[in-house]
Each structure stands twice: as structure tokens, then as C-alpha cells.
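J.: Based on what follows, work out the 3D shape:
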Amino acid sequence: MTQFKFRKLNWRVVGMALGVAVVSQAHAVGTAADAAKLGGPEFTPFGAERKGNAAGTIPEWTPLSGIPPGITGVVTGKTYPDPFAHEKPLFFISAANLEQYKDKLTPGQIAMLKKTPSDKMAIYPTHRSCAEPSSHYQATKENVLTAKLSPDDEALSGTPNGGIPFPFPKTGAEAMWNHRQHFYVSAKSTQYYGGFIVNSDGTFEEAKIREDVVFPYHLPKDKKEGMDAYSYLTKVTTMAPARRKNNILLFHAPLDQSTSKREGWLYLTALRRMLRGPDLEHDAPDPDGQGMATIDQRYMFSANLERYDWKIVGKTEKYIGYNAYKAMAAGGASVEERGKFVGKTRLSPDLMRYELHRVWIVEGTVKAGQRHIYPKRTFYLDEDTWLIVLADMFDAKGNLWRTSETQMVNLYDIPSCVPAVRPNYDLLDSKYYIEQWIGYYDLINVGHLNKSFFSPDTLRQGQR
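T.: Sure thing, here's the model as predicted:
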């Protein structure tokens, strides 16, 4: 059957055809002076403030690159002893004392503490330890002079070597693209993780997941293998439970989303049937989340930017999940061991480590004429990595509905900062969804992850 796809008009082409001059309104690139600031005494290579805060509660940026002295037993992508295991919490925040700390908490964090008064957040000393490969720092400096977005914020260009596109963002859309283009471990990797649906009585079901992913954006120019047009391609295969075994989600995310939208396919083994978008975009239910999250909540936010107006609210200090080596170690344990940390209302606070960090606040408000079950969303992006670490979602009446968090960890031998676990909480429901609890990354057996591997034809053939 022939499939027809309606796309936005390319007004530059229309204008040329009509003999009308169309002036580009693409976001301007930065200056040489801006590029020179990166990696200097004032700013880190990713554009964060190098110095700590005046109170001394946030230190200067001291990246952890390489295996720390005294640490043994590191297995790349899998085992990372905690370099801060000797530290004790500075204090705890609960419903009883949250008024004292509420300026450093998000609405979602406050709501979760009020929902379960017995819960607490353990606040540890802050370590701005996140680091990335030096090649990504160099690429980020180059991007200052060349990276730009199209007038509709949907097409990124001028970033031939990867890196963060906009270390000094001027718009909310630029900040969100920084999150989208973050470096996850490797340009090619296979991730193994668990996804948990937790019921109101504390019982849970685990889905064992394998995710194969390629980020052509981060591949060298001579290694892109015909995938130049893509930000990422990912294939998510369910390995358990048995009734969902070999279900596959496939996504193609282009760099130019003005003319080529993110495409998604879902292969259902039980039906021997393949479905394709737009049913796998924006606020469609995440198949693994059983209605507890939307498909664009994967990776905290992973959709096109088209449905929202994006605004940088500012930068502030919040308690966020950082250096969560306990959570990653538990992710590699047996399901019985992990089950000990799955509480009735949230993932056990004993796994969580919170530190005070500076974050960018970016607000998304649904555009006129568009729709989404979350008319408003607030994202909190870690200044040192540009990863979204906290997200609050609001309903049509403006009430806080759902909240998500990322507990981050630095794989210091690579180095790369990535999520150790991502819980999603529904404040109106007694169930919750742990989207991704990392077991390990395979960075070696990935030679087959090429363009053909991510073809929809592989789903029809039942291949993985």
C-alpha cells in the first residue's frame, strides 16, 4: 500500500518559485569571543560556570576523567565502584522540614515528599564530577561559530563533529537541542536495562530490555555510514515478560525535523504486525509504561520540538540526582535484589543521592493550534552536562500531574555522564513507572549497528 505523508510547506522554495525574496530567520551563530571563553577561567568546555557559588555549597567544576586513585575492579560500561562511597549525608529533607529547603526543590519533589511523609531525600556533598571526552569539548567550541537552528527550531545544522550545539543558548529551543544531542557512552552501544511497573500494593512487573542505539551525530565524518541525516537511531527489544517477548520499538530521529519528522515503528510479536507513527509520537502512551508515561517522556524528553513554545526561565540551584553509583550497582543485580528497593510509592530513597547543582529551567507551553496531554512542562537541565535531570508535567487545568527524575552517574573511564535510573511518578495515581534502570552497556559487540540494522524491514522479518 502506498503511504502518503503530508509535510510543512518549504516557504523558501515557494518564495523562489514565485520570484519573492525570502529572508532566512535562522538563529544566529556565536562569535569568536564566545568560543574563546569555553574551557577558560570563567566557563567550562560546555558553557557552565566554572566557579562554585558564593555560599560554598556548590564547588568549582572538577571533572572526574579517568579511574580515580585507589579504585579497582572497573569493567567498562558495566562496573563502577563508587568513588564517594565513604561520604555520609549532610542532612535529610522530608515533609516535616521541606519548608526550610523548598527554594532548592522543584514542585514535583515537594509534591512527592508531601504524598509520602515517611520518605526523605538524602543530601550529600556536591561533586561537579561529570566529564566528557576531549573531542566533544573541541567540537563544542567549533559549534559556537557554526551551529544554528532553522526559523521553526526544527532543523539543526553546522555541527559536523558532534558536541553540544549551543553552549551559550539564547532560546529555550537551543537548550532543549543541547539535551537531545548529549553524548551517551558511545556513538554506538547496546544497553541492557529493566523497566518496572509498580502497583499500589508494592507488587511489580519487570520488563527486561535491550536497546541498540547509534548516534551518527557523534560519529566522525568518515564513519557515519550513510546516516549523516540522523541525530539517533534506536531499536528497543523487549526480552521479558514472555507475553511481550520480542516486541520491538524502532525510532529514527533526524537532525532536520522541518522536512523529516521523527518516525516510529512498533512490531508486536503476538499479532505479527507492525504499526508505524504518528501513533508513536508526542503524547502517545509509551508501550512499556502501560499508560504511566507518554512516548516523548523517554530520555526525559525525546520528541520533535514542534508542539511547544520553549522559554528559558533562568538558572537556579536545585537538589538533583548525581553520582548515583548505588543505583547503577543495583541495576546490575538480580531482579530479587532490585525488588528490595522498589517501594510502594517510589524507588527507595536509600538508592538515591541528591546534591546541590545549578540547573537551567526551560518551560514548554503548547502552541496555539497544537495539542498535548501536558499543556505545560518544566524541565531542569544540569549546567555541566545539559541533561534533563528533573521534569514536571501539568494538566489542562494547570495542576501538577506527573513528575520524573534522572539519577546520574559518571562512567569515569570513558568518561560520560549518563542516567543510572529514571523513575516516573503520577501524583494522581498510586502506581509508578521506572523507565530505565541500567544494568550495563555493551560497547564492544556493536559492529553490526549500521543503517540496515535500523531499517523497518528488519521488523517485518522478525529480526533483532
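
J.: Only C-alpha atoms from now on, for both contacts and neighbour counts.
T.: Fine.

J.: tell me the contacts of Ala111?
T.: Contacts of Ala111 were listed using Cα atoms under 8 Å, 6 or more residues apart in numbering, and they are Leu427.

J.: Looks to me like it is in a helix.
T.: Yes - assessed with DSSP: H, G, I helix; E, B strand; the rest coil, Ala111 lies in a helix.

J.: What distance do you get for it to Tyr425?
T.: 10 Å (Cα to Cα, to the nearest Å).

J.: and what of Asp395?
T.: Taking Cα to Cα, one finds Asp395 at 14 Å from Tyr425.

J.: Name the nearest residue to Ile434, ignoring sequence neighbours.
T.: Pro423 (4.2 Å; Cα to Cα, 6 or more residues apart in numbering).

J.: So that neighbour: helix, strand or coil?
T.: strand.

J.: on that earlier part again, which one's more surrounded, Asp395 and Tyr425?
T.: Tyr425 (24 against 15; other Cα atoms under 10 Å).

J.: wait, what's in contact with the closest residue to the more buried one other than its chain neighbours?
T.: Spatial nearest neighbour of Tyr425, excluding adjacent residues (Cα to Cα, 6+ apart): Tyr432 at 4.9 Å. By Cα under 8 Å, 6+ apart, Tyr432 lies in contact with 197-199, 292, 345-346, 423-426.

J.: run the last query once more with 7 Å
T.: By Cα atoms under 7 Å, 6 or more residues apart in numbering, Tyr432 lies in contact with 197-198, 292, 424-426.

J.: Narrow those residues to those that are buried.
T.: Among the contacts of Tyr432, those scoring as buried are 197-198, 292, 424-426 (criterion: 16 or more other Cα atoms under 10 Å).

J.: so which of these comes closest to Pro59?
T.: The shortest approach to Pro59 among the buried ones among the contacts of Tyr432 belongs to Asn424, at 29.4 Å (Cα to Cα).

J.: From Gly321, how far off is the closest one?
T.: Distance from Asn424 to Gly321, by Cα to Cα: 14 Å.

J.: What of Arg422?
T.: Going from Arg422 to Gly321 by Cα to Cα gives 10 Å.

J.: which residues are common contacts for those two?
T.: Taking Cα under 7 Å, 6+ apart as the contact rule, Arg422 and Gly321 both touch 406-407.

J.: and Leu381, what are its bridge partners?
T.: Trp360, Ile388 (DSSP bridges).

J.: Give me the pLDDT for it.
T.: Leu381 is assigned a pLDDT of 98 by the prediction.

J.: go on, the one 5 residues further on?
T.: For Trp386, the pLDDT comes out at 98.

J.: burial count for it?
T.: 25.

J.: for the one 4 residues further on, same thing?
T.: Here the number of neighbours of Leu390 (other Cα under 10 Å) works out to 26.

J.: Please, which helix or strand holds it?
T.: Element membership of Leu390 [criterion: DSSP states H and E] is strand 388-394.

J.: ok, residues contacting that strand?
T.: 108, 179, 300, 320, 374-382, 400-406.

J.: now the contacts of Tyr432 as JSON lines including distance to Pro81?
T.: Compiled in JSON lines, these are given as follows (distance: Cα to Cα, whole Å):
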{"residue": "Ile197", "distance to Pro81": "28"}
{"residue": "Val198", "distance to Pro81": "28"}
{"residue": "Met292", "distance to Pro81": "33"}
{"residue": "Asn424", "distance to Pro81": "26"}
{"residue": "Tyr425", "distance to Pro81": "29"}
{"residue": "Asp426", "distance to Pro81": "32"}
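
J.: Return the member of those nearest to Gly162.
T.: Using Cα to Cα, these come closest to Gly162 at Asn424, 29.4 Å.

J.: Name the spans of this protein whose pLDDT lies under the cut-off.
T.: 1-28, 278, 460-464 (pLDDT under 70).

J.: where do the strands sit along the stretch 251-400 of the chain?
T.: 263-268, 273-276, 308-321, 354-366, 376-382, 388-394, 400-405 (DSSP state E, counting those that start in this stretch).

J.: ok, which stretches of the stretch 1-150 of the chain are strands?
T.: For the stretch 1-150 of the chain, the strands defined by DSSP E, counting those that start in this stretch cover 91-93, 121-123, 148-149.

J.: Single out the most deeply packed of the ones you listed.
T.: strand 148-149 (a mean of 22; mean count of other Cα atoms under 10 Å).

J.: now for it, which elements pack on it?
T.: Of the remaining helices and strands, those touching strand 148-149 by 3 or more Cα pairs under 7 Å, 6 or more residues apart in numbering; DSSP states H and E are strand 156-157.

J.: Quick check: can you name the pairing partners of the strand it packs on and their directions?
T.: strand 148-149 (antiparallel).

J.: tell me the centre residue of this structure?
T.: By Cα atoms, centre = their mean, the chain has its centre lying nearest to Tyr299, at 3.4 Å.

J.: wait, Lys245 sits on Val236?
T.: No - Lys245 is not in contact with Val236 according to Cα atoms under 7 Å; the separation is 11.4 Å.

J.: ok, those two, which is more surrounded?
T.: Neighbour count, other Cα under 10 Å: between Lys245 and Val236, Val236 has more, with 21 against 17.

J.: ok, for the more buried one, nearest residue in space, not its chain neighbours?
T.: Spatially, and ignoring its direct neighbours in sequence, Val236 is nearest to Glu211 (4.4 Å; Cα to Cα, 6+ apart).
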